[in-house]
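**Student:** 3D, please:
(one chain, ligands or ions: 1)
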Amino acid sequence: MSDMKTRIYLDNAATTKTSQEVVDAMLPYFTENYGNASSIYEVGQRSKEAITTAREDIAKVLGAKTEEIYFTAGGSEADNWALKAAFEAYSKKGNHIITTKIEHHAILHTCEYLEKKGAEITYLDVDENGLVNLDELQKAIRPETILISIMFANNEIGTIEPVKEIGMIAKEHGVLFHTDAVQAFGQVPIDVDEMNIDMLSSSAHKINGPKGIGFLYIRKGVKIRSFVHGGAQERKRRAGTENVPGIVGYGVAAKRAAETMEVRTAKERELRDYFIDRVLKEIPYVKLNGDPVKRLPNNINLSFRFVEGESLLIMLDMKGIAASSGSACTSGSLDPSHVLLAIGLPHEIAHGSLRLTLGEDTTKEDLDYTLEQLKEIIGKLRDLSPLYEDFVKKQNK
Ligand SMILES: *Cc1c(COP(=O)(O)O)cnc(C)c1O
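**Tutor:** Below you'll find the model as predicted:
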């Protein structure tokens, strides 16, 4: 068997393959339908209609109004916009923002930036499964609190936060609630009204759509400043000629994700639990990170003692398996993931972590092959580890 043929992609939280259906829908908007949506002639109007259709399809998935969807260049931009613009628009009310220690860097680094501009930020702790504590959230709210930004689901450990309860608390206190739903959109049912969500970030490339396109949902009535100044696109809030192919692709990807959600996530959940059960039984000194139940259907995050995550990734890659040790943004740095530290893992255990995220094409055969390779690689790496040798010696005394 040739290794090159056995490419198994288990890093769908980093990005996904653009589905053929999405590519097919996008192509005409590069070629025959290239018009500028702001133009009044026919080819421009075709672009405009396509944008409207995509906006409607996306709004439906969230239970939102069409005009509450604002396209951006991705999840990071949507996160930046929500936080920076709320901080400016609500400066008369206060300067306090509540978030968590396990947010994506698009949120955390924006918070650090806002601190330099005078914002006060509370970074809530999470428990050992990665869940925020609702009492602590209540207690953190002050008269000058303008925004709560808590992610819907974590990109590293897959934990799904109690978003509906957070939305209730925010509403009761008259505080805006933003959620980074980049990992949850299309994977978990979301209803912005039922969950009292005021703003929500999402990104197409995490749901088999194209890269470089996302949206910020902004509830009608929320005072939010423009993010890009210029033309009148996106109701004057985000100027710039629209990325029509990207928007069309996102619309198709969102519609498709919603339609296939039930069947696809049931299959993923089954595969996920099958793999987790086998790993915990068949490999010693391993721990599952994240909540076992309140968990994204496609997320597996494991820590192996006496193993170095980067070596593990390289050896998996040599066997044709693409995985991640944390979030793609932190790999390459030697600091352990902020999320794994926040759930209380010691540095040396956080270093031996592996994230496998399944996609719509993942099969049981892929996971069986991955498990066999993983067992062999973990064994090899432990045989090379002086710490493991000491540990075994002590055990045998
Ligand atoms: C991927 C991701 C982002 C960033 O989205 P981009 O479209 O890549 O900018 C933000 N938040 C979370 C939780 C993510 O997983």
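**Student:** CA only for contacts and neighbour counts going forward, please
**Tutor:** Will do.
**Student:** which residues sit against stretch 260-277?
**Tutor:** 186-188, 288, 297-300, 358-360, 363-364, 367-368, 371 (Cα atoms under 8 Å, 6 or more residues apart in numbering).
**Student:** Buried only: go through these for me.
**Tutor:** Buried members of the contacts of stretch 260-277, counted by 16 or more other Cα atoms under 10 Å: 186-188, 288, 297-300, 358-360, 367, 371.
**Student:** Which of these fall within helices?
**Tutor:** Judged by DSSP state H, the buried ones among the contacts of stretch 260-277 include 367, 371 as members of helices.
**Student:** Dump the buried ones among the contacts of stretch 260-277 to JSON lines, plus distance to the ligand and pLDDT.
**Tutor:** Below are the buried ones among the contacts of stretch 260-277 laid out as JSON lines (distance: Cα to the nearest ligand atom, whole Å; pLDDT from 0 to 100):
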{"residue": "Gly186", "distance to the ligand": "13", "pLDDT": "97"}
{"residue": "Gln187", "distance to the ligand": "12", "pLDDT": "97"}
{"residue": "Val188", "distance to the ligand": "14", "pLDDT": "97"}
{"residue": "Leu288", "distance to the ligand": "20", "pLDDT": "98"}
{"residue": "Pro297", "distance to the ligand": "14", "pLDDT": "98"}
{"residue": "Asn298", "distance to the ligand": "13", "pLDDT": "98"}
{"residue": "Asn299", "distance to the ligand": "12", "pLDDT": "98"}
{"residue": "Ile300", "distance to the ligand": "15", "pLDDT": "98"}
{"residue": "Leu358", "distance to the ligand": "14", "pLDDT": "98"}
{"residue": "Gly359", "distance to the ligand": "14", "pLDDT": "97"}
{"residue": "Glu360", "distance to the ligand": "17", "pLDDT": "94"}
{"residue": "Leu367", "distance to the ligand": "23", "pLDDT": "98"}
{"residue": "Leu371", "distance to the ligand": "25", "pLDDT": "98"}
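**Student:** any idea which of the buried ones among the contacts of stretch 260-277 is closest to Gln138?
**Tutor:** Val188 (25.2 Å; Cα to Cα).
**Student:** tell me which parts of the stretch 1-150 of the chain are close to the ligand?
**Tutor:** 74-76, 104, 106 (Cα under 6 Å from any ligand atom).
**Student:** Tell me which two in the residues you listed are the farthest apart.
**Tutor:** Using Cα to Cα, these span at most 13.4 Å, a distance reached by Gly74 and His104.
**Student:** which stretch of helix or strand covers Leu114?
**Tutor:** In the assignment (DSSP states H and E), Leu114 maps to helix 105-116.
**Student:** oh, I was asking about Ala254
**Tutor:** helix 244-282.
**Student:** now Lys139
**Tutor:** Using DSSP H and E, Lys139 falls within helix 134-140.
**Student:** residues contacting Glu242?
**Tutor:** By Cα under 8 Å, 6+ apart, the residues touching Glu242 are 36-37, 233.
**Student:** Which of those fall in helices?
**Tutor:** Among the contacts of Glu242, none falls in helices (DSSP H).
**Student:** Show me which of the residues you listed is closest to Ala59.
**Tutor:** Gln233 (17.6 Å).
**Student:** Break down the stretch 51-200 of the chain into its helices, ranges please.
**Tutor:** Remark: helices assigned in the stretch 51-200 of the chain by DSSP state H, counting those that start in this stretch are 75-89, 105-116, 134-140, 163-172.
**Student:** what's the spacing between the closest residue to Gly309 other than its chain neighbours and the ligand?
**Tutor:** Using Cα to Cα, 6 or more residues apart in numbering and skipping residues adjacent in sequence, the residue nearest Gly309 is Gly352, 4.3 Å away. Taking Cα to the nearest ligand atom, to the nearest Å as the criterion, Gly352 is separated from the ligand by 21 Å.
**Student:** State the number of residues packed around Gly352.
**Tutor:** When neighbours are counted by other Cα atoms under 10 Å, Gly352 registers 22.
**Student:** ok, it touching Leu313?
**Tutor:** No - using Cα atoms under 8 Å, Gly352 is not in contact with Leu313; the gap is 10.1 Å.
**Student:** joint contacts of those two?
**Tutor:** Common contacts of Gly352 and Leu313 (Cα under 8 Å, 6+ apart): Ser325.
**Student:** how deep is Arg55 tucked in, by neighbour count?
**Tutor:** Count around Arg55 with other Cα under 10 Å applied: 24.
**Student:** so what are the domain limits for the chain?
**Tutor:** Domain assignment for the chain by automatic domain parsing gives 8-16+261-396, 20-257.
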